[in-house]
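*Asks:* sequence plus the predicted model coming up.
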Amino acid sequence: MTQAYSPRVLIVGCGDVGNELGRQLLKNGYDVWGMRRNTACLAPGITPVQGDFNEPASWQRLPLGLDYLVFTGAANERSDAGYRQTYVEGLKAMIAAATALDKPPRRLLFTSSTAVYHQGNGVWVDESSATQPQAFNGQRMLEAEQLLASSTLLSTSVRFSGIYGPGRERLIQRAQNGQGCEYLPAPITNRVHRDDCAGILSHLIQRDWQGKEVAPLYIGSDSEPCAMDEVLDWLAKQLGVELSVTEKRPCSIPSKRCSNQRLLETGYRFLYPDFRAGYGALLEQRAAKG
């Protein structure tokens with residue numbers, strides 16, 4: 001049953017994805033707060049909660065009556081220690097703070113990663129697939145997911161694949177520089193536009209607010225996993241450049257195809273359902289800027 005008042009949402013570690021989520025929630029009439037060290041970087045309309053989610057004092061300044069807490073923090077360094085500090089310890093602090101609130105929130109949400117999957121050879125994976133990550137990033141993400149799932153509060157983790165969008169244009173720059181795919185065979189890649197990351201989170205919060213079923217786990221990835229060379233070749237064609245590779249080498253990157261079927265069954269419709277739609281929009285934006 002939908003409540004009569006506006007949902008109240010705190011976005012923890014409110015950076016790129018968090019700001020876009022805040023913008024989408026504000027458009028839907030939600031009350032939105034964002035926790036981050038530099039609150040000057042919050043999108044207009046998001047009420048600031050200045051603090052570091054790893055500092056206990058920051059959790060003493062929470063607004064009252066929160067309905068949802070969404071952890072969207074990003075690690076400052078790509079290391080085991082950095083991932084543990086951000087995702088494991090950060091999420092642990094959020095769970096403790098949410099559990100201590102006078103009124104428990106309706107749901108906690110966490111932006112996890114498809115790095116938790118170890119599979120290769122282009123096999124399909126979904127939410128029921130085994131997770132035995134070999135690298136530290138997947139291991140720490142899985143540890144954080146398990147912390148959240150074992151809490152006493154309702155929760156949902158969304159495993160996002162490679163995020164691209166404004167300011168995340170590495171493959172466009174690579175194609176612009178004429179750098180082709182050096183791997184043979186080319187790895188299967190999965191991706192999701194930043195605006196869809198926010199859209200998925202907003203959609204799940206909306207479903208929960210309306211009293212509809214929300215699962216504990218979703219994969220957040222677009223509808224067309226494909227080989228890296230296919231993406232680079234398409235970008236090169238749009239940019240009018242030729243790609244070259246000095247030498248091909250064996251691919252050691254685990255290649256899997258991430259299924260978004262569970263998410264689609266909730267009624268979510270992607271803004272950018274494949275790489276052509278998403279990168280095409282980015283290229284149009286770049287052209288408009290001159």
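*Replies:* That came through fine. Values in this document were obtained by computation on a predicted structure and should not be read as measured data.
*Asks:* just the pLDDT for Ile251.
*Replies:* One thing to correct before we go on: residue 251 is Cys, not Ile. Looking at Cys251, its pLDDT is 84.
*Asks:* count of residues packed around the nearest residue to Glu182 once chain neighbours are set aside?
*Replies:* What sits nearest to Glu182 in space, not counting adjacent residues and going by Cβ to Cβ, 6 or more residues apart in numbering, is Val245, at 5.3 Å. Placement of C-beta: from N, CA and C, glycine included. Val245 sits with 15 neighbouring residues when counted by other Cβ atoms under 10 Å.
*Asks:* if I look at Val245, how far off is Gln173?
*Replies:* 16 Å (Cβ to Cβ, to the nearest Å).
*Asks:* same check, this time on Gly240
*Replies:* For Gly240 relative to Gln173 (Cβ to Cβ), the value is 15 Å.
*Asks:* look at these two and report which has more neighbours.
*Replies:* Gln173 (10 against 7).
*Asks:* show me where the stretch 1-150 of the chain has helices.
*Replies:* 16-27, 80-83, 90-100, 136-149 (DSSP state H, counting those that start in this stretch).
*Asks:* for Gly73, find the nearest of those helices.
*Replies:* helix 90-100 (5.3 Å; Cβ to Cβ).
*Asks:* so what secondary structure elements neighbour that closest one?
*Replies:* Other helices and strands packing on helix 90-100, by 3 or more Cβ pairs under 8 Å, 6 or more residues apart in numbering; DSSP states H and E, are strand 68-71, strand 107-113, helix 136-149.
*Asks:* returning to what we had before: so for Pro56, which of the helices of the stretch 1-150 of the chain sits nearest?
*Replies:* helix 90-100 (7.2 Å).
*Asks:* what are the buried residues along the closest one?
*Replies:* 90-95, 97-98 (16 or more other Cβ atoms under 10 Å).
*Asks:* can I get that helix in CSV, CA atoms only?
*Replies:* In CSV, the C-alpha atoms belonging to helix 90-100 read as follows (Å, rounded to 0.1, in the frame of the first residue of the first chain):
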residue,chain,number,x,y,z
GLY,A,90,31.3,1.1,4.8
LEU,A,91,28.3,-1.2,4.3
LYS,A,92,28.8,-2.6,7.8
ALA,A,93,28.6,1.0,9.2
MET,A,94,25.4,1.7,7.2
ILE,A,95,23.7,-1.5,8.4
ALA,A,96,24.6,-0.7,12.1
ALA,A,97,23.2,2.8,11.8
ALA,A,98,20.0,1.7,10.0
THR,A,99,19.5,-1.0,12.6
ALA,A,100,19.8,1.5,15.4
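*Asks:* how long is stretch 88-106 from one end to the other?
*Replies:* 21 Å (Cα to Cα, to the nearest Å).
*Asks:* what does that stretch contact?
*Replies:* Residues outside stretch 88-106 that contact it (Cβ atoms under 8 Å, 6 or more residues apart in numbering): 12-13, 53-54, 56, 59, 62, 64-69, 71, 73, 108, 110, 140, 143-144, 147-148, 151-154, 208-209.
*Asks:* can you say which of those are buried?
*Replies:* 12-13, 53, 59, 62, 66-69, 71, 73, 108, 110, 140, 143-144, 147-148, 151, 208-209.
*Asks:* what pLDDT does the nearest residue to Lys256 once chain neighbours are set aside get?
*Replies:* Once flanking residues are discounted, Lys256 sits nearest to Gln119: 4.4 Å by Cβ to Cβ, 6+ apart. According to the predicted model, the pLDDT of Gln119 comes to 94.
*Asks:* next: Met1.
*Replies:* 44.
*Asks:* one more: Ala236?
*Replies:* Ala236 is given a pLDDT of 97.
*Asks:* burial of Leu42, as a residue count?
*Replies:* Residues near Leu42, counting by other Cβ under 10 Å: 23.
*Asks:* contacts only, for the residue nearest to it when sequence neighbours are not counted.
*Replies:* Ranked by Cβ to Cβ, 6+ apart and with sequence neighbours excluded, the top spatial neighbour of Leu42 is Gly34, at 4.7 Å. Taking Cβ under 8 Å, 6+ apart, we find Gly34 in contact with 10-11, 14, 18-19, 22, 42-43, 46-49.
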